[in-house]
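Engineer: for reference, the sequence and a predicted model appear below.
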Amino acid sequence: MRSSKTSLQSHLPKNPHKNNRSLSNTVVPSFGHSLYSIEDSFKGVVVRMLRALVRHQHEHERFDSSSVKNILVVRQHDQLGDMLCTVPLLRALRQHFPAATLTLVTSPVSYSIMLYHPCVDDVVNYDKSRLLSSLRVLARAFRGKKFDLAIVPATVSISFTSNVIALLSGAKWRIGPKSLNGVSNASAYCFTTAVDLDWNNDARKHQTWRNLDLVRPFTIETDDVTCTIGLTDDERKTATTLLAPLHKRFRYLIGIHPGAGKIANRWDAEHFASVANRISKEYHAGIVVTSGPMDREPVERMLARLECEYLLVDHRPIREVAAILDGLDLYLTNDTGTMHISGATATNVLAIFGPTDPLQWAPIGQKNHYISAKDGDIASIIEDEVFDMAGLILQGLHRR
């Protein structure tokens, strides 16, 4: 490695147990801003109503894990990474309550990726942009279910909506945040047991451990903090058929994802192309380029510089992409949603981090690696570092 600007590791974190303004200076709210103000006002009314409804609720009896038969977990955050970092919590619940039925409420972004997860019995797609229809979906999903336990994980922000869903579930015991890093939860009254979650003194603690901190006071634990998805046999067979011709022709198959929703998280697409050309030549590797809805510009720049054969995986359903990644030898990716998905598959991962802390967000496991810009600028990571690390990973494989 040539530069001291980056760190490079396999990711196995330790278990941490007044009024005289002129008209020209007056700020006129935009229509969108007005909508947000209306939404905030509506939430304020709902908060007061719900607080009044539960004001006289007595403390529930002591938590009795032996009587838990139906569990609800509400994680309707819009980011794939947040959802997949919750998987160890779901695993801990499944291990602690092996006979219980576990229902997960999630967002449209995460719904399909969690659809067949082995730790979950039912997945409910809650689309907050379609409030009335989503409320009907919840009503149907909750009908006939007597929830004993509802859990609302929170690591980045507190979700009023999630808290209210837990309350409306009617669960006997409801666990969620009382405060988050010193900020009080205004809707903590939705819970029968609210937990103070504070990582100000442990700011680099991984998101998976943070999710588990919510249930740790109830001795709900797991030793396995890796992430899984739960691909079906049919999904794997479809991906195998697609990749079979490439596996016959090349020694390795290398996936590359040059895009990212956040521009600051994008390593230069031309660097990806250069690394791909070198890997293809020196390791007799086939190249598979993945592209999402926001990745057109970096993908086009990368493809324009490729001097080797490649397969473009574009506009495919997310589970199909996951199955394809599962059949690769190595996946080079920016810090984005597909990084978290690849971390939950069998493929080896080399993630490139800029401003985001990999100790909090990089996929966990021996097969998962990252390179991080110490100065927070992803542009400071040079091509040789990525190529050299990719080579080390490939040399460690025992395939073909």
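Structural biologist: Received it, and whenever you're ready, just let me know what you need.
Engineer: endpoints of stretch 343-354, how far apart?
Structural biologist: Terminal residues of stretch 343-354 lie 18 Å apart, using Cα to Cα, to the nearest Å.
Engineer: got the buried residues for it?
Structural biologist: For stretch 343-354, a neighbour-count test (16 or more other Cβ atoms under 10 Å) marks G343, A344, T345, T347, N348, V349, L350, A351, I352, F353, G354 as buried. For the C-beta atoms, the positions are set from N, CA and C on the backbone; glycine is no exception.
Engineer: and which of those is nearest L135?
Structural biologist: Ranking these by separation from L135, with Cβ to Cβ as the measure, puts A344 on top at 30.5 Å.
Engineer: need the phi and psi values for the closest residue to that closest one other than its chain neighbours.
Structural biologist: When the adjacent residues along the chain are set aside, A344 lies closest to C227, with 4.1 Å between them (Cβ to Cβ, 6 or more residues apart in numbering). For C227, the backbone dihedrals (degrees, to the nearest 10) come out as phi -110, psi 140.
Engineer: list the contacts for C227?
Structural biologist: C227 makes contact with L84, C85, V87, P88, T208, H340, G343, A344, P363, I364, G365 under the criterion Cβ atoms under 8 Å, 6 or more residues apart in numbering.
Engineer: of those residues, which belong to strands?
Structural biologist: G365 (DSSP state E).
Engineer: quick one: buried ones out of the contacts of C227?
Structural biologist: Neighbour counting over those (16+ other Cβ under 10 Å) leaves L84, C85, V87, P88, T208, H340, G343, A344, P363, I364, G365 as the buried ones.
Engineer: buried residues, stretch 370-387. List them.
Structural biologist: Applying a neighbour-count criterion of 16+ other Cβ under 10 Å, one finds Y370, I371, S372, A373, I378, I381, I382, E383, E385, V386, F387 buried in stretch 370-387.
Engineer: grab the nearest non-local neighbour of C85.
Structural biologist: Counting by Cβ to Cβ, 6+ apart, C85 lies nearest to Q207, which is 4.0 Å off, once chain neighbours are set aside.
Engineer: give me the neighbour count for that neighbour.
Structural biologist: The tally of other residues near Q207 (other Cβ atoms under 10 Å) stands at 23.
Engineer: what pLDDT does N19 get?
Structural biologist: N19 is assigned 38 on the pLDDT scale.
Engineer: quick one: buried residues of the host helix or strand of L102?
Structural biologist: With the criterion set as DSSP states H and E, the secondary-structure element containing L102 is strand 101-106. By neighbour count with 16+ other Cβ under 10 Å, strand 101-106 contains the buried residues T101, L102, T103, L104, V105, T106.
Engineer: quick one: contacts of it?
Structural biologist: Taking Cβ under 8 Å, 6+ apart as the criterion, the residues outside strand 101-106 that touch it are 69-76, 83, 90, 93-94, 114, 117, 119-126, 138, 141, 145, 147, 162, 165.
Engineer: please redo it, this time with the cut-off set to 7 Å
Structural biologist: Judged by Cβ atoms under 7 Å, 6 or more residues apart in numbering, the contacts made with strand 101-106 from elsewhere in the structure are 69-76, 83, 90, 93-94, 114, 119-126, 141, 165.
Engineer: neighbouring strands - and their directions - for it?
Structural biologist: Strand 101-106 sits in its sheet next to strand 70-75 (parallel), strand 122-125 (parallel), going by DSSP bridges.
Engineer: kindly export the longest one (C-alpha atoms) in PDB.
Structural biologist: Think strand 70-75. As requested, C-alpha coordinates have been extracted for strand 70-75 and formatted as PDB (Å, rounded to 0.1, in the frame of the first residue of the first chain):
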ATOM      1  CA  ASN A  70     -46.300 -12.800  18.900                       C
ATOM      2  CA  ILE A  71     -43.700 -10.100  18.200                       C
ATOM      3  CA  LEU A  72     -43.800  -6.900  16.200                       C
ATOM      4  CA  VAL A  73     -40.700  -5.100  15.000                       C
ATOM      5  CA  VAL A  74     -41.200  -1.700  13.400                       C
ATOM      6  CA  ARG A  75     -38.300  -0.500  11.200                       C
END
